[in-house]
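Q: Would you be able to build a 3D model of this:
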Amino acid sequence: MRTRQDLAFRQNKTVAWKIQASLNSICEFYEKNNGMVYVAFSGGRDSTVLAYLVRSLYPDVPLVFCDTGLEYPEIKSFVKTFSNVTILRPKKSFRKVVEQHGYPVISKKVSMGVTRYRNTTSQEQKQLRLFGGTNPTSGKKQQATIPKKYHSLIDAPFKISDYCCQVMKKQPFKRYQTKTGRVPYIGTMAVDSDLRRMEHLKDGCNKYYGIVQSKPLSIWTKNDVVDYLTGKEYCSIYDGGYDSTGCMFCMFGIVQESSKGLNRFQKMKLSHPKHYNVAIKTFKIGRVLDFIGIKY
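A: Predicted structure coming up:
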């Protein structure tokens, strides 16, 4: 178990120091898994740094990209500039996912809490979802509690679920791993979220039990990524005012984005009007954003 002080110490190191630390993690993970590895490649900045680092040591490691149908066109074009890329696709479309399961709204934790609240007939479980406490079934503190400011979502006139990522991304990668026996390098960082920080404190960069995976960039920051990519090729979407990419129609993190300036849908309206119209009108995301009070 690492400490927060140890993580902070590493996060304050130079980019050059972090590059070497990441290369060490990459090498160790490669050797322990006999080279049966791959890079989970999204085409975004973080995974681009990861791809460059891994291939600086092992040029033949495959990059695996999941085409959910929701990626920015610039991302898809950039992915095609790399060699040895395996493209995966989900078995369900985004339309089917939101129809059958619901929209990804606010955050994974909130969406999970809402869908579990709606899918239980137990009043005790409903109260746990709203106000927390100890779950009598597991004896553990209730984790997926809906924050009070989002309690109105339980009565929303549309389905809400955290299941989208599971269907669109996790399941295709799981099928790939089962078929090939390869395990992933993933380009996430501890600064991304509280959950990712806690995972790093528990497991470090390389995890060899349960879900085996390597996260060599865990100690990096967003500024480190930008510094590393200076003078290198990366997706042009970042030069158009986007700080991060991912599924275009996802609403996880939309509140935080809106508090800092234009959110992804407002930017999309300007840069990708056709995709914007599909999102707002065809997939009816406009009504979801109206309900949670987000401008678009």
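
Q: which stretches of the stretch 151-296 of the chain form strands?
A: 183-185, 206-207, 213-214, 251-252 (DSSP state E, counting those that start in this stretch).

Q: Make JSON lines from those strands and add mean pLDDT to it.
A: JSON lines is the format used below for the strands of the stretch 151-296 of the chain (pLDDT from 0 to 100):
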{"stretch": "strand 183-185", "mean pLDDT": "98"}
{"stretch": "strand 206-207", "mean pLDDT": "98"}
{"stretch": "strand 213-214", "mean pLDDT": "98"}
{"stretch": "strand 251-252", "mean pLDDT": "96"}
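
Q: mind putting these in CSV, mean neighbour count and distance to Glu99 included?
A: Yep, even glycine has a C-beta here, placed from its N, CA and C like the rest. CSV is the format used below for those (neighbours: other Cβ atoms under 10 Å; distance: least, Cβ to Cβ, whole Å):
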stretch, mean neighbour count, distance to Glu99
strand 183-185, 23, 30
strand 206-207, 18, 35
strand 213-214, 24, 31
strand 251-252, 22, 16
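
Q: can you redo those strands as a markdown table with distance to Leu70?
A: Formatted as a markdown table, the strands of the stretch 151-296 of the chain follow (distance: least, Cβ to Cβ, whole Å):
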| stretch | distance to Leu70 |
| --- | --- |
| strand 183-185 | 20 |
| strand 206-207 | 28 |
| strand 213-214 | 23 |
| strand 251-252 | 12 |
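
Q: Ok, which of these comes nearest Tyr72?
A: strand 251-252 (16.0 Å; Cβ to Cβ).

Q: other SSEs contacting the closest one?
A: If you count contacts as 3 or more Cβ pairs under 8 Å, 6 or more residues apart in numbering; DSSP states H and E, strand 251-252 packs onto strand 105-106, helix 285-292.

Q: contact partners of that strand?
A: Outside strand 251-252, the residues within contact range by Cβ atoms under 8 Å, 6 or more residues apart in numbering are 103-108, 111, 285, 288-289, 292.
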